[in-house]
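Visitor: Please work out how this folds:
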Amino acid sequence: MARVLLTGGAGFIGSHLCESFLRSGDEVICIDNCTTGSLENIASFTSNSRFTFIQQDVTRFIHVDGPLDMVLHFASPASPADYLEMPIQTLKVGSLGTHNALGLAKAKKAIFLLASTSEVYGDPLVKPQREDYWGNVNPIGPRGVYDEAKRFAEAMTMAYHQFHGLNTRIARIFNTFGPRMRMNDGRVVPNFIIQALKGEALTVYGQGTQTRSFLYIDDLTGGLQLLLKKDYHLPVNLGNPREMTVLEFAKKILELTGSSNPIVFRPLPQDDPQVRQPDISRAQELLGWGPQVALEEGLTRTIDYFKRRLQG
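Guide: Residues are numbered from 1 along each chain as shown. Purely as a prediction, here's the structure:
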């Protein structure tokens, strides 16, 4: 049994990870200030004696009694709608929050895992994106607050590994979806599903020719668990290499929901990435990992979840 601390543990990905550790018999400490996380996400296991919830902003000093085996840093707004509304908080959680989480891991001699993102590649000039690609990021653009916060977090994580000998992991997470995403999340999966279920037009930005890839949450948590067990410190992409345009994805949602709603086009936001496709060769070779849940199956599960939410 391990004792695990997750920052951002009441968020979409964090709550699924909490649940995964609890299923394995581990003890879980979840820290979240519930800015974008939700107590509803962790409600099904708050009564578990091996689960502890602490409501706290991780940009403040983190104190936890007793030993820790792992510290996983997932605290951060992750949707453009959120980090455009909270730019300074996003920068602070990526810098001060990462520093505090690393300091805790160092004090406890724990494994540290950073939840980084495909956004460190910015609007990439290469496809697919490999971990040795340095990216194409506008540091002063509207998305820079998230992109650069995560790039800084990676740099600090590597510094703690190289200078302090901390046992670290860096996961670069590509678009992930599934139950517990917020209905007003602002990202394309909940946006399209909610619009389709409500009989509204699906909103596509630009001409919809920009590409994305989509990974189901169960595949991500499995990949993260495998990465934690591997003594490897450089970044690892975790995503689905199946690429499709946003317009193709909108049509897929209409097909799976049985909707005949129209698709409307709006101006493309500044610095919106035109391509997003992971090269997962490193994860395949290092972890023996790859997506197992088909896109259509994952979307069907997610659509069913949002149907239940809309029904109250």
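
Visitor: How many residues are close by Ala107?
Guide: 13 (other C-beta atoms under 10 Å). Every residue, glycine included, has its C-beta placed from N, CA and C.

Visitor: Now whatever helix or strand it lives in: buried residues?
Guide: According to DSSP states H and E, Ala107 maps onto helix 98-108. For helix 98-108, the neighbour count (16 or more other C-beta atoms under 10 Å) marks Thr98, His99, Asn100, Ala101, Leu102, Gly103, Leu104, Ala105, Lys106, Lys108 as buried.

Visitor: which strands and helices sit next to it?
Guide: Other elements packing on helix 98-108 under the criterion 3 or more C-beta pairs under 8 Å, 6 or more residues apart in numbering; DSSP states H and E are strand 70-73, strand 111-117, helix 144-164.

Visitor: I'd assumed Glu248 was in contact with Arg212.
Guide: No: counting by C-beta atoms under 8 Å, Arg212 stays clear of Glu248, with 9.5 Å between them.

Visitor: Between these two, which is the more surrounded one?
Guide: Neighbours per residue, other C-beta under 10 Å: of Arg212 and Glu248, the larger number sits with Arg212, 23 against 13.

Visitor: Quick one: residues contacting the most far-flung residue of the chain relative to its centre.
Guide: Distance to the chain centre peaks in the chain at Ser260, reaching 30.6 Å (criterion: C-alpha atoms, centre = their mean). Ser260 is in contact with Leu254, counting by C-beta atoms under 8 Å, 6 or more residues apart in numbering.

Visitor: returning to what we had before: okay, the angle between the helix holding Ala107 and strand 111-117?
Guide: 160 degrees (axes from the mean of the first three to the mean of the last three C-alpha atoms, to 10 degrees).

Visitor: tell me the mean pLDDT over helix 98-108?
Guide: Across helix 98-108, the average pLDDT comes to 98.

Visitor: For that helix, what is the distance to the chain centroid?
Guide: Counting by C-alpha atoms, centre = their mean, to the nearest Å, helix 98-108 is centred 20 Å from the centre of its parent chain.

Visitor: do stretch 156-166 as well
Guide: With C-alpha atoms, centre = their mean, you get 23 Å for stretch 156-166.

Visitor: Report the mean confidence score over it.
Guide: In this model, stretch 156-166 carries a mean pLDDT of 98.

Visitor: With stretch 3-19 instead?
Guide: 98.

Visitor: chain center to it: distance?
Guide: 11 Å.

Visitor: what do you get for stretch 144-153?
Guide: With C-alpha atoms, centre = their mean, you get 14 Å for stretch 144-153.

Visitor: quick thing: my sequence starts at 780, can you match it?
Guide: New numbering, starting at 780: the last item is stretch 923-932.

Visitor: Residues contacting that stretch, please?
Guide: Contact with stretch 923-932 is made by 852, 855-857, 859, 862-863, 866-867, 869-870, 872-874, 877, 893, 895-896, 898-899, 901, 914, 916-918, 1050, as judged by C-beta under 8 Å, 6+ apart.

Visitor: which residues does Thr982 form a beta bridge with?
Guide: Val1043 (DSSP bridges).

Visitor: Now do the same contact list for it.
Guide: Contacts of Thr982 were listed using C-beta under 8 Å, 6+ apart, and they are Asn970, Gln974, Val1043, Arg1045.
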